[in-house]
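> Can you look at this prediction? I've put the sequence above it.
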Amino acid sequence: MMVSRQVLTRTSRIRASRARLQNRIAAAVIWGGAIFVAALFAWLMADILWHGWREISLAYFTQEPESAGRLGGISSILVSTGLILIVCLVSALPIGLGTAIFLAEYTGPEDTVSRKIRLSLNVLAGTPSIVFGLFGNAFFCKMLGMGFSILSGGLTLACMVLPYFIRIAEESIRSVPQSYRMGAVALGLSKSTQIMRLILPVAVPGILGAIILSVGRSLSETAALIFTSGYVDRMPESLYDSGRSLSVHIYDLSMNVAGGDQRAYSAALVLIVSLILINFITGLIGRAWSRRMISIS
Amino acid sequence: MSLWQKDKAFLFVLSVCASLAGVISIFIFFFLAKESVPAMAGIGLSQFVMDETWFASENQYNVLPLLWGSVLVSVGAVAFATPLGILSGLFCHFYAPSAIAGFYRSMVHLLAGIPSVIFGFWGLVSLVPLVARIHPPGPSLLAGVIVLGIMILPTIMVILDDAIANLSRLYLNSTVALGVSKWGALKGLILPNLRKQVGVSILLGLARSIGETMAILMVCGNVVRFPTSVFNPIRTLTANIALEMPFAMNVHRSALFFTGLIMMVLVAILMSTAQTRTSRQA
Amino acid sequence: MDITRNSLHLPKDAPPVTIPCCIKTTNLSLFYGKKAAFRDISLNLDRNSVTVIMGPSGCGKSSFLSALNRLSDFIPCCEVEGSIHLDGESLLEGSIDRTVLHKRVGMIFQKPNPFPMSIRKNITFPLREHGITSKRELEARLVQVLVDVGLWDEVKDRLDTSALTLSGGQQQRLCIARALALEPEILLMDEPCSALDPISSGKVEELILKLQARYTLVVVTHNLSQARRIATHAALFWVKDDCGCLVECGPADQVFGSPREELTAAYVKGMKG
């Protein structure tokens, strides 16, 4: 009896120490993986920050690019980027908001109509951006005769951001408390008033989030713009002019311009910082709006 | 009644918006198809797989090397990112102190927001020279895999993070109460139950990487060939379109639209498989 | 414009036409999908009365209320059978103008639901929607209803602050004021005091008694002593076979004093429910 008991304790002790060893190895591997990812991230950010900030000055933002971007600034590129963004939002916002209201207020999540629309939007969301570029080139530039222009680029981006915008806007409209709707119905308010005056104002932070996400996606996009809004780095004079967006500028400087790397770094830094700033500011606006709804109105 | 009419007009406007948004994807599909008709008629489908290679100026339109490039780099990226995604998920839930986990999550969030052109640029100026030092020429399948892997890591990690959160709520307290070690619990309970979500995240990661253009275009070297090592440069379907669209004419242009169509279908299949899988779970 | 104003003013200016019964339901049933919430309820609600609907939870009291002004239409899978007549007009047959119906039959919910806008706008915004645009008219109604619900002195200095800053009781009285501003004939109240503290609840009760002179009120409540204090008429609902039904209804004195049914007797003594 004594002997077998001793054996038992010994095997269990071995097993326990093996478990402890496995535990330690697992912890090391998991910490290692996380540190690896963090290090890659830090490398990327530090690289762009370190090389990017040197050339940045006020003049960089106010001068037009010279010698294919090797010299000068990015003023015309910022203007083009802004115009493309405005075209994109002006066309995507009404359609997106209308669709989001339709899906959230007039259809249930499982209705046939809304399921079909949502499936179509999901396909759109998954479509590669280069395919949007092809489509925009063939449809807006060639077929509608807009040519390589800010208008073509903005409209192509609008098609691209629409599904994301709709998804978030719909969610935020759905999450407005049902009691507001019932209260409004009980007061005999028409559905349109209910939505425009009551539900949309409450959903503003969410809709704002949807807009910001669209802005972020548009600012980040390159592939869909190369053959829709084009490469021209002059100051655009109208929406029918070709205009180079910031992201296309980065691409062009690094791939097609010998000695453009330094300026590409600066442009990349501007792009990243503006994306982060936009995110941060929306957070603030959203919070301020919620507070406004509660206190003074 | 005027209120009735107002409501009717309102609903009419909304349905117009919704149908417009709903038909865009169908419209894009048919438009691509229409534009690729000249290629299908002029070149014939057989040439797309029988030609020696893809070389437009000599009327060679074999898409297979391009497709193979796309598949290789995507699979490689997913193989690179999935283990890191799993490790990251486990790290945030079970190993990191909550402050670090929060920091790590916001870092991944930030990573998700970085434009692909910046990943590509960083890859081009930082990673490619490093790869070149190990084995020239530098722009290669390997560089593409790493850059793309970092890009899709957030997609994968977000899905797994949610899944692990659910699982740990369900099981972890009971297993800890049974005196199972941390790794034992993870190995025995969390990881096996994670399999489905890992599958979904792989599919979504694949869909995302197949469609990726800029980063790949900038770090992969863009030589049309079947690679024999990870250090060989490759060209993907997407990069091919971006490279050749600016000067493509007639049949060549149409052939590019045809490859775009292939990609749209490919991605749609991957996405819908992922979606049916997710909905089946729910 | 003039016509709407006249008809809106009717309850106040002209003495109400005495139709003894203002809402009449006949064999009214309501289903959520296949499950019936209540079945075959025939009830007459008299003008200028306070009808209290009592009963245990799940007996279909609130569903009954929501059927009376067809709010039930907005609940998915909800079907109503039988008939409801409002001053002789059928509510369930043919197409009715919902906005007019909801203006004539107001509803107060269990949980106060002021809109996230200023106190003033909470009252004027629905009025504008119903075609009242004159500033003076809007202001007059605003003051009138806030005085009516006893909120005027409490809020007159902060009409432009958000309604969400009010306390729960104040919010509920604001919701009542908002409904009164539309000059309804009937006011349906779904447990209007159950989310309030005793003092606010007392104020709302006083208000109900005051409103009885000018409106027809239907109040659902769980609270027996409250029912005794405010009711001129009472109805008891009960659950039979997993479905709501009407046990007894009549003038309050009779229902509380000499009930016909044993169940009612037990309930009003506080022995059941």
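Alright, I've got the coordinates. Residues are numbered from 1 along each chain as shown, chains lettered A, B, ... in the order given.

> going forward, measure contacts between C-alpha atoms and count neighbours the same way
Noted.

> Now do residue 204: how many residues are near it, please.
Using chain A. Residue A:204 has 18 neighbours, counted by other Cα atoms under 10 Å in any protein chain shown.

> please go with chain C instead
22.

> For the helix or strand harbouring it, name the packing helices and strands.
Assigned by DSSP states H and E, residue C:204 falls within helix C:198-211. Helices and strands touching helix C:198-211, by 3 or more Cα pairs under 8 Å, 6 or more residues apart in numbering or on different chains; DSSP states H and E, are helix C:168-181, helix C:224-230.

> hey, which of those helices is tucked in deepest?
Of all the helices and strands packed on helix C:198-211, helix C:168-181 has the most neighbours on average by mean count of other Cα atoms under 10 Å in any protein chain shown, namely a mean of 25.

> got the angle for that one vs helix C:198-211?
Orientation check (axes from the mean of the first three to the mean of the last three Cα atoms, to 10 degrees): helix C:168-181 against helix C:198-211 gives 20 degrees.

> now the strands for the chain?
Defaulting to chain A. Taking DSSP state E as the criterion, chain A carries its strands at A:65-66, A:71-72.

> you looked at the wrong chain, it should be chain C
For chain C, applying DSSP E gives strands covering C:21-32, C:35-46, C:50-54, C:78-86, C:89-90, C:105-108, C:186-190, C:216-220, C:233-240, C:243-251.

> If you average pLDDT over each of these, which is lowest?
Ranked on mean pLDDT, the bottom entry among the strands of chain C is strand C:89-90, at a mean of 82.

> so where's the chain shaky on pLDDT?
Answering for chain A, as no chain was given. Low-confidence segments of chain A (pLDDT under 70): A:1-10, A:293-297.

> Sorry, I should have been clearer: chain B.
Flagging of chain B using pLDDT under 70 yields the residue ranges B:1-3, B:172-179, B:280-282.

> for chain C, same thing?
In chain C (pLDDT under 70), the answer is C:1-21, C:271-273.

> coming back round to it: between the helices and strands packed on helix C:198-211, which one is closest to chain B.
helix C:168-181 (18.9 Å; Cα to the nearest Cα).

> How far off centre is that closest one?
A distance of 12 Å separates the centroid of the chain from that of helix C:168-181, by Cα atoms, centre = their mean, to the nearest Å.

> One more: stretch A:105-117?
26 Å.

> Put the alpha carbons of that stretch into PDB.
The C-alpha trace of stretch A:105-117 is given here as PDB (Å, rounded to 0.1, in the frame of the first residue of the first chain):
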ATOM      1  CA  GLU A 105     -37.900  52.700 -39.300                       C
ATOM      2  CA  TYR A 106     -39.900  51.000 -42.100                       C
ATOM      3  CA  THR A 107     -38.600  47.500 -42.100                       C
ATOM      4  CA  GLY A 108     -37.800  44.900 -39.500                       C
ATOM      5  CA  PRO A 109     -34.300  43.200 -39.600                       C
ATOM      6  CA  GLU A 110     -35.800  40.100 -41.100                       C
ATOM      7  CA  ASP A 111     -38.100  41.500 -43.800                       C
ATOM      8  CA  THR A 112     -37.400  40.400 -47.300                       C
ATOM      9  CA  VAL A 113     -36.900  43.900 -48.600                       C
ATOM     10  CA  SER A 114     -34.400  44.800 -46.000                       C
ATOM     11  CA  ARG A 115     -32.600  41.500 -46.200                       C
ATOM     12  CA  LYS A 116     -32.100  42.000 -49.900                       C
ATOM     13  CA  ILE A 117     -30.900  45.500 -49.600                       C
END
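
> Does it reach chain C?
No: contact of stretch A:105-117 with chain C (Cα under 8 Å from any Cα of the partner chain) is absent, the minimum separation being 9.2 Å.

> Next up, the contacts around the spatially most central residue of chain B.
Most central in chain B under Cα atoms, centre = their mean is residue B:208, positioned 1.6 Å from the mean C-alpha point. Contact analysis of residue B:208 by Cα atoms under 8 Å, 6 or more residues apart in numbering or on different chains lists A:126, A:128, B:152, B:267.

> Need the max-distance pair from those residues.
Distance extremes for these: the farthest pair is B:152 and B:267 at 14.9 Å, using Cα to Cα.
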